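>>> Below are the sequence and a predicted model for it; my questions follow.
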Amino acid sequence: MTTLADQPISASGSSFKLSMLLNDTRYRSLTFQFIALVAIIAFMAFVGGNLVRNLAEAGLNISYAFLGEPAGYDINQRPIEYDSTSSHGRAAVVGLLNTLIVAFLACITATVFGVIAGVLRLSNNWIVSKIMSIYVEIFRNVPVLIWILIIFSVMINALPGPRDFRGEDATASMSFFDTFAFTNRGVFAPAPEFTNSFGSTAELPVTTTGMDWLLVIAALLLSWFVARAVANWATRTQEATGNRPTTWYITLAIWVVPVVAVLLFLGLTWNVPELKGFNFRGGMQLRGSLIALWFALSIYTGAFIAENVRAGILAISKGQTEAAGALGLRPNRIMSLVVLPQALRVIIPPLISQYLNITKNSSLAIAVGYMDVTGTLGGITLLQTGRAIETILLLMLFYLTVSLLISFFMNIFNNRMKLKER
Amino acid sequence: MNRQMAETQEEVKMKKTVFLGALAVAAVTGGVASAATLDDVKARGKLNCGVTTGVPGFAEPDANGVWQGFDVAVCRAVAAAVLSDPTAVEFVPTTGKTRFTALASGEIDMLARNTTWTFSRDVDLKFEFTGVNYYDGQGFMVPADLGVSSAKDLDGATVCIQTGTTTELNLADFFRSNNISYEPVPIETGAEAVQQYNAGACDVYTTDASALAAQRANFEDPTAHVILPEIISKEPLGPLVRHGDHEWGDIVRWTLNALITAEELGVTSVNLEELAAGTNNPEINRLLGTEGDLGGMLGLDKDWAERAIGVAGNYGEVFETNIGENTPIGLARGLNAQWTDGGLIYSPPFR
Ligand SMILES: N[C@@H](CCC(=O)N[C@@H](CS)C(=O)NCC(=O)O)C(=O)O
């Protein structure tokens, strides 16, 4: 065994011999790391150079000019303005937004499903806990693509088509006082519109614009700050006097009054969907493809999250529960005030990877015709332009960016939830 | 359901492997050898032919799992000409999305999958269309009880389309130029599209009129669906190969032309053997190899065309047995009659 002491260390370095690079443990690992690095760089350069040369030889130059050319195809769900004369670049953005929409919705509902199932799986009620185990095992062990297709098939076959709502002998009718329609093409619901909108013009008296919604959001933000101040005040009073003042009606008023005032000012009306021609028109539509994809992703990932939640809860020592019980807390308060806050520390890190999974799994969207970024940029655009390498590289870049962003924000959240050690 | 799933998974897998494979091959090989497809096919002993995932009459496995159809016949004719064995074909089902990657990457030697010859596919995607075996156009199918009689009445309808097809682009153009709106439902394969159309998830199904007729023939009640009179595009469908291997392109082109010329000259599966012994019509003799050496010029033998025609007869016979008026699909020759009968089917001379 060679130790550092065995080697004469000379400050001038005059005793350094080339053979020491291999024989001296101080240098050996560096030598090998250096050789490995050079080899990797050389290999990458060789592969990259070849790639560029071969692509050039095959007449495939890498160019992103196609992003500016007209796309020529239509997209059903358009969060921003888009038609078939818009560019491929814009089609990619529409797809990207659609990916983000379904991923965002699915992350929220998957968390809700997961927390509920995870907590209930530990319930003392035998039936409840068994039902939850069955849910987890069934959904976790069947591929998500199959769930997407099953849910979509059930939806298009079980729900009535718009034409079933028509005529004297209609076999289906609208729900909730004729305001909602559940069809095999999706759910049609009333949409809010403003008669006094910032965007209203003489020809178009009823519209909504982003400005209107900003105003509504501003009102909600204001309520949030005031409500928080009230809560803080209540806590201070409780600490000082031991009695918590009743604040629920103040809080309720704080939440309701500003929003209602803003909505009244804007002249809120509801645009109720109506059967016209082939389809329901007016209102807003939640397309069947979105619902199926959203639901399938949530229920599938929810099963995994349930397991994370269960593991997190089991990681909290029983003494905590017993101590809280001894203090006289009721079981659901023990869960929400003592166990869950501590369990979150164990739950959040694996939760991040579940969110990443949802985002990546959303690329199965085309199975139900949901136009996500894989469907527009990586599907139709790729096919119509033949720019496979360019579009796939862009797609990789996009998913990478979104995943890194999710990790970044979830890590910030995780750091805030972590046990602060003093 | 199962089939559709397998297809989607297959498709995802295929796209990935094809792309990664292409990248890896491009990255590691020293240079692209200008592939001699003919040698590859002969060495392999099998022709890899890309077809649809299933359109009745055009390409579909029968009850015994044997591929049958109008497009399949082209694959078999080429296999017979090159390998002397019409069954030496590996049929590779492709969707509208995977077909071009499969051809470009060399996974298939030729594509015979009701594919429209367009400028950008020929010039930009760098494929060589070797002819037209069916002159088609895009049509619309709706349930008869909707009471729609013209495509112009389709304002606001939900339309099922296959993604990655010319159909998708024509549709956008048609609705835009007529100033009416629609809701597109993009779908991967014809089978899924039919399933959604039958479940009423869309009002209209649009694709090449021939495929509409073919798929309608498989419906429980074909008479409950009408094909609207408007044909909104030109869809010349034909087999294609990669750019760059002209010898291979010539073989596929002239095999198709041999079938067409055979019909024009009256060479049928019935009289083929007799005519192949020699006739006093020099063009028939050149076609069947008793005069001159056209086969040799292609890199094949003298009897190549005789074998190709021998598989299922001439172009007209192939048409009649697979999609003609006496089949459930019931397509009339129309534009696809020989030029001598007022159609567009016309082969350059064998000389
Ligand atoms: N001719 C058009 C459309 C071709 C096409 O996709 N046709 C459908 C008609 S149903 C088809 O073959 N589907 C069968 C399949 O998905 O395999 C094109 O070349 O883009």
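Sure, I can see it.
>>> now the strands for the chain?
In the absence of a named chain, chain A is used. Taking DSSP state E, the strands of chain A run over residues A:181-183, A:186-189, A:191-194, A:268-271, A:274-276, A:279-281, A:284-287.
>>> my bad, the chain I had in mind was chain B
Using DSSP E, strands in chain B cover B:47-51, B:60-61, B:67-68, B:89-93, B:110-111, B:127-129, B:134-136, B:138-143, B:157-162, B:182-187, B:204-208, B:225-227, B:235-237, B:240-242.
>>> export those strands to TSV and tack on distance to residue A:338, mean neighbour count and mean pLDDT?
(Each C-beta comes from the backbone N, C-alpha and C, glycine too.) Below are the strands of chain B laid out as TSV (distance: least, C-beta to C-beta, whole Å; neighbours: other C-beta atoms under 10 Å in any protein chain shown; pLDDT from 0 to 100):
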stretch	distance to residue A:338	mean neighbour count	mean pLDDT
strand B:47-51	63	26	96
strand B:60-61	63	18	94
strand B:67-68	66	20	96
strand B:89-93	58	19	96
strand B:110-111	65	26	97
strand B:127-129	67	21	95
strand B:134-136	71	21	96
strand B:138-143	61	24	95
strand B:157-162	52	24	93
strand B:182-187	50	24	92
strand B:204-208	59	27	95
strand B:225-227	64	17	94
strand B:235-237	69	23	96
strand B:240-242	68	23	95
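>>> Just put the ones you listed in CSV and tack on distance to chain A.
Listed next are these as CSV, based on distance: least, C-beta to the nearest C-beta, whole Å:
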stretch, distance to chain A
strand B:47-51, 15
strand B:60-61, 22
strand B:67-68, 24
strand B:89-93, 17
strand B:110-111, 14
strand B:127-129, 9
strand B:134-136, 19
strand B:138-143, 9
strand B:157-162, 4
strand B:182-187, 5
strand B:204-208, 8
strand B:225-227, 14
strand B:235-237, 16
strand B:240-242, 10
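>>> who wins for proximity to residue A:293 among those strands?
strand B:182-187 (13.4 Å; C-beta to C-beta).
>>> Flag the shaky bits of chain A, pLDDT-wise.
Scanning chain A for pLDDT under 70 picks out A:1-14, A:58-60, A:199-208, A:420-422.
>>> Can you lay out the strands of chain A as JSON lines showing distance to residue A:308 and mean neighbour count?
Shown next, in JSON lines, are the strands of chain A (distance: least, C-beta to C-beta, whole Å; neighbours: other C-beta atoms under 10 Å in any protein chain shown):
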{"stretch": "strand A:181-183", "distance to residue A:308": "33", "mean neighbour count": "24"}
{"stretch": "strand A:186-189", "distance to residue A:308": "30", "mean neighbour count": "22"}
{"stretch": "strand A:191-194", "distance to residue A:308": "37", "mean neighbour count": "19"}
{"stretch": "strand A:268-271", "distance to residue A:308": "40", "mean neighbour count": "15"}
{"stretch": "strand A:274-276", "distance to residue A:308": "45", "mean neighbour count": "15"}
{"stretch": "strand A:279-281", "distance to residue A:308": "40", "mean neighbour count": "20"}
{"stretch": "strand A:284-287", "distance to residue A:308": "29", "mean neighbour count": "17"}
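>>> so can I have JSON lines of the strands of chain B showing distance to residue A:323?
Putting those into JSON lines (distance: least, C-beta to C-beta, whole Å) gives the following:
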{"stretch": "strand B:47-51", "distance to residue A:323": "69"}
{"stretch": "strand B:60-61", "distance to residue A:323": "69"}
{"stretch": "strand B:67-68", "distance to residue A:323": "72"}
{"stretch": "strand B:89-93", "distance to residue A:323": "64"}
{"stretch": "strand B:110-111", "distance to residue A:323": "72"}
{"stretch": "strand B:127-129", "distance to residue A:323": "74"}
{"stretch": "strand B:134-136", "distance to residue A:323": "78"}
{"stretch": "strand B:138-143", "distance to residue A:323": "68"}
{"stretch": "strand B:157-162", "distance to residue A:323": "60"}
{"stretch": "strand B:182-187", "distance to residue A:323": "58"}
{"stretch": "strand B:204-208", "distance to residue A:323": "66"}
{"stretch": "strand B:225-227", "distance to residue A:323": "71"}
{"stretch": "strand B:235-237", "distance to residue A:323": "76"}
{"stretch": "strand B:240-242", "distance to residue A:323": "74"}
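>>> need the ones you listed in JSON lines with distance to the ligand, can you?
Shown next, in JSON lines, are the strands of chain B (distance: least, C-beta to the nearest ligand atom, whole Å):
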{"stretch": "strand B:47-51", "distance to the ligand": "8"}
{"stretch": "strand B:60-61", "distance to the ligand": "9"}
{"stretch": "strand B:67-68", "distance to the ligand": "12"}
{"stretch": "strand B:89-93", "distance to the ligand": "7"}
{"stretch": "strand B:110-111", "distance to the ligand": "10"}
{"stretch": "strand B:127-129", "distance to the ligand": "11"}
{"stretch": "strand B:134-136", "distance to the ligand": "7"}
{"stretch": "strand B:138-143", "distance to the ligand": "8"}
{"stretch": "strand B:157-162", "distance to the ligand": "5"}
{"stretch": "strand B:182-187", "distance to the ligand": "9"}
{"stretch": "strand B:204-208", "distance to the ligand": "4"}
{"stretch": "strand B:225-227", "distance to the ligand": "13"}
{"stretch": "strand B:235-237", "distance to the ligand": "5"}
{"stretch": "strand B:240-242", "distance to the ligand": "10"}
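>>> hang on, the earlier thing: and of the strands of chain A, who's closest to chain B?
The closest of the strands of chain A to chain B is strand A:279-281. By C-beta to the nearest C-beta, the value is 5.5 Å.
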